[in-house]
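Chemist: got a predicted model here, sequence first, then my questions.
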Amino acid sequence: METATETRPQPSTWRIVLAAIFDFFTAFWVFGLGVAYIFGGMTEAGFSLNGAPALLCFALIVAYFVIGNKYFGGTIWKHIFRARRR
């Protein structure tokens with residue numbers, strides 16, 4: 001008995017690139033504002049991070065991409081744009 005192999009079309013490259021850009025900006029603002037609020041880096045124009053808080057924000061952004069792709073099958077914007085490679 002043969003098993004049918006299901007071939008799904010791969011998402012367009014523009015969807016993957018746009019999802020990555022939106023993911024980066026979303027993570028930057030969410031984590032940046034969160035870290036700035038906790039460590040006192042809020043300004044009238046947004047936030048300003050230096051030293052350890054900036055490094056923490058960078059680590060959270062990297063963790064967002066790694067954990068999202070490894071454990072959840074893609075990041076938020078990859079799910080929205082249906083830009084996950086199989």
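Modeler: Okay, I see it. Numbers count the residues shown, from 1 in each chain.

Chemist: just the strands from the chain, written as ranges.
Modeler: Assigned by DSSP state E, the strands in the chain fall at 42-43, 46-47.

Chemist: closest to Thr26 out of those?
Modeler: Of all the strands of the chain, strand 46-47 sits nearest to Thr26, with 14.6 Å by CB to CB. Where C-beta positions appear, they are placed from N, C-alpha and C, glycine not excepted.

Chemist: and that closest one, what does it pack onto?
Modeler: Using 3 or more CB pairs under 8 Å, 6 or more residues apart in numbering; DSSP states H and E as the contact definition, the elements that strand 46-47 packs against are helix 13-39.

Chemist: follow-up on the earlier one: most neighbours per residue, which of the strands of the chain?
Modeler: Mean neighbour counts were compared across those using mean count of other CB atoms under 10 Å; the top stretch is strand 46-47, at a mean of 14.

Chemist: and for that strand, what's in contact with it?
Modeler: Strand 46-47 is contacted from outside by 32-33, 35-37, 41, using CB atoms under 8 Å, 6 or more residues apart in numbering.

Chemist: output the strands of the chain in JSON lines, with distance to Pro11 and mean pLDDT appended to each entry.
Modeler: Formatted as JSON lines, the strands of the chain follow (distance: least, CB to CB, whole Å; pLDDT from 0 to 100):
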{"stretch": "strand 42-43", "distance to Pro11": "37", "mean pLDDT": "94"}
{"stretch": "strand 46-47", "distance to Pro11": "32", "mean pLDDT": "92"}
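
Chemist: just send these back as TSV, with distance to His79 too.
Modeler: TSV is the format used below for these (distance: least, CB to CB, whole Å):
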stretch	distance to His79
strand 42-43	30
strand 46-47	27
